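*Asks:* build me a model:
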Amino acid sequence: MQIYKVGGAVRDRLLGIPFSDTDWVVVGSSADEMLAQGYRPVGADFPVFLHPKTGEEYALARTERKSGRGYGGFTFYASPDVTLEEDLIRRDLTINAMAEDDEGQIVDPYHGQKDLQARLLRHVSPAFAEDPLRVLRVARFAARYAPMGFSVAPETLALMRELSESGELEALTAERSWKEISRALMESRPDVFIQLLRDCGALAVLMPEVDALFGVPQPPQHHPEVDTGEHVLAVLRECAKYDQPLSVRWACLVHDVGKGETREEEWPKHHAHEHLGLPLIDTINARFKVPRDCQELARLVGEYHTHCHRALELRPNTLLELLQSFDIYRRPQRFEEFLAASEMDARGRHGLEDREYPQAEYLRGAAQAARAVAVQPLVEKGYKGAELGEALKRERLNALKAYKENYAS
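*Replies:* This is a model prediction of the structure:
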């Protein structure tokens with residue numbers, strides 16, 4: 001039995017950056033031998049074991065053969081006679097196909113170190129094109145390592161394009177797709193992830209609603225970048241710069257999809273794009289089985305982000321309706337995330353990235369004024385049921401009128 005450290009831990013150590021997870025491959029062993037040594041099996045499709053003390057994953061060296069569509073369409077073969085080189089060749093990228101022995105020696109049969117130095121993301125073998133999930137994985141790695149100067153090798157981009165055109169991407173499960181998309185959006189350059197998916201044709205398959213935004217113009221006086229797709233990429237860059245959570249990044253990705261529905265003769269204006277986008281946002285959320293918090297925020301940002309931009313112009317009753325829509329009394333954090341997403345939208349415009357956004361602070365103050373209205377005095381006056389609700393609404397509206405007047409003065 002020989003044990004090697006493999007994958008990301010080897011790659012990131014060579015790059016000199018921190019890593020948290022360590023994966024191991026075991027050559028010359030069997031499932032029975034691993035069980036006898038106390039390892040616990042976890043792999044349903046292929047033999048993966050947890051170390052009895054550290055809990056780290058140890059996988060038997062294996063080969064694989066395409067046997068169906070999608071990410072799961074493979075037959076695996078694990079045996080003591082499978083070599084390390086045979087195990088490594090089935091991996092996606094050369095920089096992920098290196099191993100390290102217990103003396104720190106690097107085993108690099110597919111020139112991963114050379115590609116690390118050249119800052120290239122290159123596939124290991126033509127078998128890359130058998131797994132559609134690799135399109136998303138490579139785009140995610142590109143988003144992670146773009147600040148270090150990494151790019152995708154032209155021949156690998158060509159294979160990603162082949163996969164995108166093959167129909168294989170449709171075979172990916174919603175869960176697998178969302179896992180890669182959500183991880184990629186949290187990388188340091190999420191815009192690179194979306195751009196690369198577009199470059200290889202995958203965005204048109206996975207998120208045609210977002211892909212449709214590229215080439216759609218906006219009024220240059222409000223959007224110097226003009227192109228709606230470019231605006232979305234800029235907003236994602238701002239999200240990363242301000243370290244926004246996943247829910248905000250997801251909302252920002254889909255907030256403007258309604259602009260793809262505008263008829264060309266109406267360009268560059270996009271009347272009612274907020275409402276046009278809502279069914280599209282619902283469709284995208286359902287397609288990837290997006291977690292509820294991300295779904296809800298995406299829908300609210302899509303519908304109300306222009307309200308936020310015009311916050312200082314809103315009448316008190318419109319302001320109250322906006323606050324009620326977010327249930328600011330029980331869900332204050334969701335309203336904060338809405339303000340963050342709207343601010344990222346405002347900053348994601350060429351040349352306007354550093355402009356102040358007083359609307360967020362104004363709405364924060366309005367929410368505080370509405371929350372400050374106490375219920376108990378109204379109860380003591382005898383209000384109850386629907387009448388109490390109406391009285392509470394009137395008091396909150398009066399509080400917002402006073403807040404608006406004081407703010408203006």
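
*Asks:* quick one: distance of the helix or strand hosting residue 163 to the chain centre.
*Replies:* Element membership of residue 163 [criterion: DSSP states H and E] is helix 154-166. The chain centroid and the centroid of helix 154-166 are separated by 22 Å, computed with C-alpha atoms, centre = their mean, to the nearest Å.

*Asks:* so how far is the longest helix anywhere in the chain off the chain centroid?
*Replies:* Across the chain, the longest stretch assigned as helix under DSSP state H is helix 385-408. The chain centre lies 38 Å from the centre of helix 385-408; the measure is C-alpha atoms, centre = their mean.

*Asks:* list the buried residues for that helix?
*Replies:* 391, 392, 395, 396, 397, 399, 400, 401, 403, 404 (16 or more other C-beta atoms under 10 Å). The way it works is simple: take the backbone N, C-alpha and C, and place the C-beta from them, glycine included.

*Asks:* if I look at residue 258, how far off is residue 247?
*Replies:* The gap separating residue 258 from residue 247 is 20 Å, by C-beta to C-beta, to the nearest Å.

*Asks:* got the contact list for residue 111?
*Replies:* residue 94 (C-beta atoms under 8 Å, 6 or more residues apart in numbering).

*Asks:* so residue 393 sits against residue 317, correct?
*Replies:* No. Under the criterion of C-beta atoms under 8 Å, residue 393 is not in contact with residue 317, lying 9.6 Å apart.

*Asks:* neighbours around residue 358, how many?
*Replies:* Neighbours of residue 358 under the rule other C-beta atoms under 10 Å: 11.

*Asks:* output the longest helix of the chain as PDB, nothing but the C-alphas.
*Replies:* The C-alpha atoms that make up helix 385-408 are tabulated as PDB, following Å, rounded to 0.1, in the frame of the first residue of the first chain:
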ATOM      1  CA  GLY A 385     -57.900  42.800  15.100                       C
ATOM      2  CA  ALA A 386     -58.100  44.500  11.700                       C
ATOM      3  CA  GLU A 387     -58.600  47.900  13.300                       C
ATOM      4  CA  LEU A 388     -55.300  47.500  15.200                       C
ATOM      5  CA  GLY A 389     -53.600  46.700  12.000                       C
ATOM      6  CA  GLU A 390     -55.000  49.800  10.300                       C
ATOM      7  CA  ALA A 391     -54.100  52.000  13.300                       C
ATOM      8  CA  LEU A 392     -50.600  50.700  13.300                       C
ATOM      9  CA  LYS A 393     -50.200  51.400   9.600                       C
ATOM     10  CA  ARG A 394     -51.400  55.000  10.100                       C
ATOM     11  CA  GLU A 395     -48.900  55.500  13.000                       C
ATOM     12  CA  ARG A 396     -46.100  54.100  10.900                       C
ATOM     13  CA  LEU A 397     -47.100  56.300   8.000                       C
ATOM     14  CA  ASN A 398     -47.000  59.400  10.300                       C
ATOM     15  CA  ALA A 399     -43.600  58.400  11.600                       C
ATOM     16  CA  LEU A 400     -42.300  58.100   8.000                       C
ATOM     17  CA  LYS A 401     -43.800  61.500   7.100                       C
ATOM     18  CA  ALA A 402     -42.000  63.000  10.000                       C
ATOM     19  CA  TYR A 403     -38.800  61.200   9.200                       C
ATOM     20  CA  LYS A 404     -38.900  62.400   5.600                       C
ATOM     21  CA  GLU A 405     -39.600  66.000   6.600                       C
ATOM     22  CA  ASN A 406     -36.700  66.000   9.200                       C
ATOM     23  CA  TYR A 407     -34.400  64.400   6.600                       C
ATOM     24  CA  ALA A 408     -35.200  67.100   4.100                       C
END
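
*Asks:* helices or strands up against it?
*Replies:* Secondary-structure packing of helix 385-408 (3 or more C-beta pairs under 8 Å, 6 or more residues apart in numbering; DSSP states H and E): helix 316-325, helix 358-371, helix 376-380.

*Asks:* what is the last one packed up against?
*Replies:* The contact analysis (3+ C-beta pairs under 8 Å, 6+ apart) places helix 376-380 against helix 385-408.

*Asks:* check the model's average confidence along the helix it packs on for me.
*Replies:* Averaging pLDDT along helix 385-408 gives 94.

*Asks:* would you map the helices across the stretch 101-250 of the chain?
*Replies:* Along the stretch 101-250 of the chain, counting by DSSP state H, counting those that start in this stretch, helices occupy 112-118, 133-145, 154-166, 174-185, 190-199, 202-206, 208-211, 228-241, 246-254.
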